[in-house]
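Student: coords please:
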Amino acid sequence: MAKQELKGLKAAASRTDRQSMIRFAAALHDHGCTDREVVRRCYGVEFPDEFFLFARTDPEALEFEFVDSGCLVWDLAVPMRTGDPRWEPGPMWGVEMRAFAVDPGLIPLTALGHHGRYGRSLLCYHSGELAAGRSTVFGLSDRSRREYLPAFGPDARPEPCGPSLLAVLHEHESDKVRMVQAQADDPMNHTGFGAVTSDQVEERREWVRLIEDMQRRLATPERPRPTDRISRDTRRGL
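Tutor: Down below sits the predicted model:
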């Protein structure tokens with residue numbers, strides 16, 4: 001692809017136009033850019049290592065428990081071909097646009113379910129924090145609990161949740177373990193339908209261990225992966 005054509009796609013890319021962002025990202029991937037380069041060129045800031053640890057992990061290994069595949073940023077990090085169902089906006093796109101209306105600097109990452117410390121919240125990075133080298137995660141909460149996805153309004157205020165996505169998810173999942181354990185220990189927790197079993201408690205603990213494993217992987221120096229290498233076009237200054 002000619003450099004001029006790539007510049008045209010960049011100029012046309014808009015955070016409020018999902019397809020324009022995907023077209024630009026797809027062109028960057030085709031041009032040989034790494035995943036780091038792609039998201040940096042799409043959002044104008046560097047993303048933290050934890051983001052790419054998630055993005056490079058097989059979604060089935062996470063069972064989409066943490067990363068909502070409907071959020072645009074994850075789709076930009078992975079090469080996408082014409083006809084891929086991810087081209088079309090899903091239910092999360094409306095949530096992302098509401099977040100954009102609240103603060104254009106918010107970059108939605110995942111919407112969490114009803115339970116846990118940050119239940120019913122949309123977790124986001126913020127471009128201002130990323131530009132300053134911080135991976136602070138903010139939450140937009142919906143306390144109405146009327147819908148499956150967060151339904152906050154334009155007057156919602158993003159609240160800082162923690163220093164990183166992994167830190168916030170660890171706190172969130174640990175709180176769910178505490179809640180399930182309390183239910184299991186309740187004398188009224190009878191056997192039969194609706195009872196909390198020891199297997200369910202262990203299942204929740206397994207999610208905490210998964211997050212802790214990802215945290216250890218980030219803390220362990222590794223040789224650069226091929227996807228981490230700076231492409232020829234970046235060195236030349238595309």
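Student: and residue 164, what pLDDT?
Tutor: Note on residue 164: pLDDT of 97.
Student: from what I can see it touches residue 48, true?
Tutor: Yes - Residue 164 is in contact with residue 48 according to C-beta atoms under 8 Å; the separation is 6.8 Å. All C-beta atoms are positioned from the backbone trio N, CA, C, and that covers glycine.
Student: which residues do those two both contact?
Tutor: Counting by C-beta atoms under 8 Å, 6 or more residues apart in numbering, the contacts common to residue 164 and residue 48 are residue 135.
Student: report the secondary structure element holding the residue nearest to the spatial centre of the chain.
Tutor: Nearest to the geometric centre of the chain sits residue 109, at 2.8 Å (C-alpha atoms, centre = their mean). For residue 109, the host element (DSSP states H and E) is strand 106-111.
Student: average model confidence for the helix or strand following that strand?
Tutor: Using DSSP H and E, the helix or strand that follows strand 106-111 towards the C-terminus is strand 121-126. For strand 121-126, mean pLDDT rounds to 94.
Student: counting contacts, what elements does the helix or strand containing residue 20 pack onto?
Tutor: Taking DSSP H and E as the definition, residue 20 sits inside helix 18-30. When contacts are defined as 3 or more C-beta pairs under 8 Å, 6 or more residues apart in numbering; DSSP states H and E, helix 18-30 sits against helix 3-12, helix 35-43, helix 72-77.
Student: may I see these organised as a markdown table, with mean neighbour count and distance to residue 204 added?
Tutor: Formatted as a markdown table, the helices and strands packed on helix 18-30 follow (neighbours: other C-beta atoms under 10 Å; distance: least, C-beta to C-beta, whole Å):
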| stretch | mean neighbour count | distance to residue 204 |
| --- | --- | --- |
| helix 3-12 | 13 | 43 |
| helix 35-43 | 21 | 31 |
| helix 72-77 | 22 | 24 |
